[in-house]
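[1] one predicted model, sequence on top.
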Amino acid sequence: MKGLIILAIIYFVYRHLKEKMLDSIQPSEGSRSEGPESTDDVMIQDPECGVYFPLRDGVPGRIQGKTINFCSIQCRDAYMKKH
Ligand SMILES: [Zn+2]
């Protein structure tokens, strides 16, 4: 009989902890999907032609120690010639 009570207590503690863990996971998941700063959707401006494009489609170029993203290789080359 004692063993059953202990088992029941362990079960309830386990359930309580599981619920608490789920509660702490859910809000972080919500804020992750709502976050506007996900790298896939970031729009940046091409410094050469002024066009806005998604960062994931950008062509990275290294200019004066900085990495700058361009809309195309042509823009990157034109910008690199000037700088
Ligand atoms: Zn461009």
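    Yep, that arrived. Residues are numbered from 1 along each chain as shown.

[2] roughly how far apart are residue 74 and residue 80?
    For residue 74, the distance to residue 80 equals 11 Å [CB to CB, to the nearest Å]. All C-beta spots, glycine's among them, are computed from the backbone N, C-alpha and C.

[3] how about the strands in the protein?
    43-45, 52-54, 59-63, 66-70 (DSSP state E).

[4] low-scoring pLDDT stretches of the chain, where are they?
    Applying pLDDT under 70 to the chain flags residues 25-40.

[5] which bits of it sit near the ion?
    By the rule CB under 5 Å from the ion, the part of the chain lying against the ion is 46, 48, 49, 51, 71, 75.

[6] now with 6 Å?
    Within the chain, the residues that sit near the ion (CB under 6 Å from the ion) are 46, 48, 49, 51, 70, 71, 72, 75.

[7] which one is the fifth one nearest to, not counting chain neighbours?
    So the one you mean is residue 70. residue 76 (4.1 Å; CB to CB, 6 or more residues apart in numbering).

[8] same question for the third one.
    Using CB to CB, 6+ apart and skipping the chain neighbours, the partner closest in space to residue 49 is residue 75 (5.4 Å).

[9] right, and that neighbour touches residue 46 too?
    Yes - assessed by CB atoms under 8 Å, residue 75 is found in contact with residue 46 at 5.5 Å.

[10] the more surrounded of these two?
    Comparing residue 75 with residue 46 by other CB atoms under 10 Å, the one with more neighbours is residue 75, at 22 against 19.

[11] how about the more buried one, what does it touch?
    Listed by CB atoms under 8 Å, 6 or more residues apart in numbering, the contact set of residue 75 reads 46, 48, 49, 59.
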